[in-house]
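Colleague: Fold the stuff below for me.
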Amino acid sequence: MVLLTATVPASAQTAPTAATDTNERFFGAVQAIYNPDRAQQAGVQWERLIFPWSLIQKTGPNVWNDGYFSDQQVAQEIGRGIQVVGLATYTPQWATSTPQHPQPTNVPANLYLPFDDPKNYWGQFMYKLAARYAGQINTWVVWNEPDLYNNQILYTWDGTISDLYQLVKVAYQAIKKANPNAKVVLPGLTYWLDKDGGRPLYLARFMEAASHDPTAKANGDYFDIVDVHQYTNPLNIYNAIRLYQRAMDQYDVSKPIWVGESNVVPDDDPMNPLPPAFHATMDQQASYIIQAFALARAAGAERMSIYKFTDEAREGANELYGLVRNDGSVRPAFNAYQTAVKYMSKPTSAVYTWDGASEIPTDAQITALLQDDANRTQWIWPAAVNRVTLERGTERDMIVWNASPRQVTAKIPAAAKSAEVIDKFGKDTGEVVAQNGVYSLELYPSADNTDPRDPSEYLVGGEPRILVEKVAPIPTEVDAPIQLVWPRDASGVAANITGVLLAPNTTTPVPCRWEPTVRLFESIDGGPTQLVTTGVKRMLTDSGLTYPVWDFNLVDIGAALAGKSIDFWMDVNNVTTHASRYTYSLVPPTPVATPTPTADTNAPAAGATATPTPPPTPTPLPEWQQKPTASCA
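Modeller: Take a look at the predicted model:
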């Protein structure tokens, strides 16, 4: 959403402080500038500010006015340590290609001229804007929500997909010329009108337009980041990100995805009561914050932002979105935001799963999840119990909630003997003790069935809980010796291979809970490296010790029958791997020369054969040269 803003007073009450981690820029809030003290208390790391072309160059290409914010305000905000991302939008009347019907949503005039042509007004504006703030604002979002249209109305952009592609292309070229270090973000995309209108995804149509431009590939398709906007249902965030990742995959493109806008509007604030449709209570809004940030992490979002930090003016049907009211007081969602910053910062991994799915859901399970809105008005939670697990060094945090209308007892796999249970406001509610490797936790139901089109659908899940375990950290470096290579049968064509992962220079196994991608590679007679297969984790118990091993079954070793040697080694994805190579070959023993017979009584009879050369024998199989000496933690 993009709307005009209003000035609001500073903080009116105190609130707990969450330290802002300036080394990470995941947690954002739109226009936090309107209450910078509260933004720092919340832990906001970045914000989006609008730079309206229609105001900055209102009367012509040679003027430059403040838009919504002055240069001084921008500099002050950056000085507070909050990174600013700019959004450029709105065509001024003098620059429209349709002067008979001038609107901020119009396609700019002369857009198809070279980006640096003086008559390409959009290109000239974007160059000046990026140059003016180079070093202060190094990321620019180009326009906003062009996929919001139907047969009756064009909400934010009245051009074609080809026009939008050209708009982004021109902006990209101008921005990069002004600031080569800058990043360009596609306009925020919303999904739902594409889905409801039976249209291909707007992102897919953009990629298709790029595929017909011979200059696109060399220029990264003229964008660096995809932006997703999702509201109301936390599951939408996970699914939309996954869907847009798959859309890029179709064009062999991989770019980061941001969630530029997200929230659910509260309907029970006494200062602004609203009807319930598509809204939630303030308490449910706080639950949304926890669930949405967790799912964004699990989906692989590079950043996520709440729309918006402060109420500002009412929007739409008199809606107020803010974590903070205009008088500086905070809604419960503000405190939930602080909790998310504390327990979801800087994870090394984040995985979403649900009852009935694998601990790491398979592609088929994710595909079924993405397709479950085919005949529905919302994406549907796949199960009652939903869980996001974040590995954070010596801390493992599991965010768990119930998406059904009935109270349930969650059964949660444990990696420790016990866990602290934290509520969405950061309060420690006690300890849960694992029984037989499982935590049992009562979860309250969801009461948010506010989509009037289908009240059987539940949107924000029930009260989330955060289970905090103290654990051995997931390694960033491992030794990876292959331990066993054994042919499956006498043919010598296929073998099973087993390897183990150890802490460097030790015989200590990696943590039991770790689920890395372990791949087997080979080289035949010193030739090129080839990927063989991906290993399957297996828990092995031997001599009273339990630890994980990785099996690679039915590996082709036929080259050894032709007298070749095969080097095998393992590699762990995204982890520094010290791999020990194992060479498999069938090496014949050195033949013993047959002596020349001499004329004596012991000489062999005529026609007798010389001593035959023995047949080849396989290389002796290895015997756990680095066998673990402890159980995994």
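Colleague: make it CA atoms for all contacts and neighbour counts henceforth
Modeller: OK.
Colleague: Quick one: mean pLDDT for stretch 543-557?
Modeller: The average pLDDT within stretch 543-557 is 94.
Colleague: For it, which outside residues touch it?
Modeller: With contact meaning Cα atoms under 8 Å, 6 or more residues apart in numbering, stretch 543-557 is reached by 488, 492-501, 509-510, 512, 518, 520, 532-541, 566, 628-632.
Colleague: Buried ones among these?
Modeller: Neighbour-count burial within those applies to 492-501, 509-510, 512, 518, 520, 532-537, 566, 628, 631-632; the criterion is 16 or more other Cα atoms under 10 Å.
Colleague: Filter those residues down to the ones in strands?
Modeller: Using DSSP state E, the subset of those located in strands is 494-500, 518, 520, 532-534, 536-537, 566.
Colleague: ok, of these, which one's closest to Asp479?
Modeller: Top of the list for closeness to Asp479, among these and by Cα to Cα, is Val500 at 8.3 Å.
Colleague: Tell me what that closest one is bridged to.
Modeller: On the basis of DSSP bridges, Val500 is bridged to Val549.
Colleague: residues in contact with it?
Modeller: Contacts for Val500 (Cα under 8 Å, 6+ apart) come out as Ala480, Pro481, Ile482, Gln483, Pro509, Pro548, Val549, Trp550.
Colleague: Tally up the residues packed near the closest residue to the second one other than its chain neighbours, please.
Modeller: Spatially, and ignoring its direct neighbours in sequence, Pro481 is nearest to Ser580 (4.9 Å; Cα to Cα, 6 or more residues apart in numbering). The tally of other residues near Ser580 (other Cα atoms under 10 Å) stands at 16.
Colleague: so how far is Asn263 from Ser580?
Modeller: Ser580 sits 50 Å away from Asn263, going by Cα to Cα, to the nearest Å.
Colleague: Gly198 too?
Modeller: For Gly198, the distance to Asn263 - Cα to Cα - is 25 Å.
Colleague: Settle it for me: which of those two has more neighbours?
Modeller: Neighbour totals were compared for Gly198 and Asn263, and Asn263 leads with 25 against 9 (other Cα under 10 Å).
Colleague: give me phi/psi at the closest residue in space to the more buried one that isn't next to it in sequence?
Modeller: Nearest residue to Asn263, sequence neighbours excluded (Cα to Cα, 6+ apart): Tyr231, at 5.1 Å. The phi/psi pair for Tyr231 (degrees, to the nearest 10) reads phi -130, psi 170.
Colleague: is it true that Tyr231 touches Ser262?
Modeller: Yes: using Cα atoms under 8 Å, Tyr231 is in contact with Ser262, at 4.9 Å.
Colleague: Which one's more surrounded, these two?
Modeller: Per other Cα under 10 Å, whichever of Tyr231 and Ser262 has more neighbours is Ser262, with 28 against 20.
Colleague: My guess is that one contacts Asp227. True?
Modeller: No: counting by Cα under 8 Å, Asp227 is not a contact partner of Ser262; they are 11.3 Å apart.
Colleague: Domain parsing of this protein, as residue ranges.
Modeller: Taking automatic domain parsing as the domain assignment, the ranges for the chain are 354-470, 477-590.
Colleague: In TSV: these, plus distance to Gln41.
Modeller: Output for those, formatted as TSV (distance: least, Cα to Cα, whole Å):
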stretch	distance to Gln41
domain 354-470	14
domain 477-590	34
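Colleague: Which one of those has the poorest average confidence?
Modeller: Per-stretch mean pLDDT for the domains of the chain is lowest at domain 477-590 (a mean of 91).
Colleague: how far out from the middle of the chain is that domain?
Modeller: With Cα atoms, centre = their mean, to the nearest Å as the basis, domain 477-590 stands 30 Å off its chain's centre.
Colleague: Same check on stretch 238-255?
Modeller: 11 Å.
Colleague: residues making contact with it?
Modeller: The contact list for stretch 238-255 (Cα under 8 Å, 6+ apart) reads 191, 201, 203-204, 207, 224-226, 228, 230, 257, 295-296, 298-301, 369-370, 379.
Colleague: Sort out which residues of stretch 213-228 are buried, please.
Modeller: In stretch 213-228, counting by 16+ other Cα under 10 Å, buried: Ala216, Asp221, Tyr222, Phe223, Asp224, Ile225, Val226, Asp227, Val228.
Colleague: mind listing what the third one touches?
Modeller: Contact criterion Cα under 8 Å, 6+ apart gives Val168, Lys169, Tyr172, Gln173, Val184, Ala216 as the residues in contact with Tyr222.
Colleague: now it: how far from Gly437?
Modeller: Distance from Tyr222 to Gly437, counting by Cα to Cα: 50 Å.
Colleague: Check the first one too.
Modeller: Look at Ala216 and Gly437: by Cα to Cα, they are 52 Å apart.
Colleague: give me phi/psi at Lys195?
Modeller: The phi/psi pair for Lys195 (degrees, to the nearest 10) is phi -60, psi -50.
Colleague: Assign Ala579 to helix, strand or coil.
Modeller: Following DSSP: H, G, I helix; E, B strand; the rest coil, the label given to Ala579 is strand.
Colleague: who does it bridge with?
Modeller: Under DSSP bridges, the beta-bridge partners of Ala579 are Ala480.
Colleague: For the ones in strands among the buried ones among the contacts of stretch 543-557, name the two members farthest from one another.
Modeller: Maximum pairwise distance among those (Cα to Cα): 23.3 Å, between Lys537 and Ile566.
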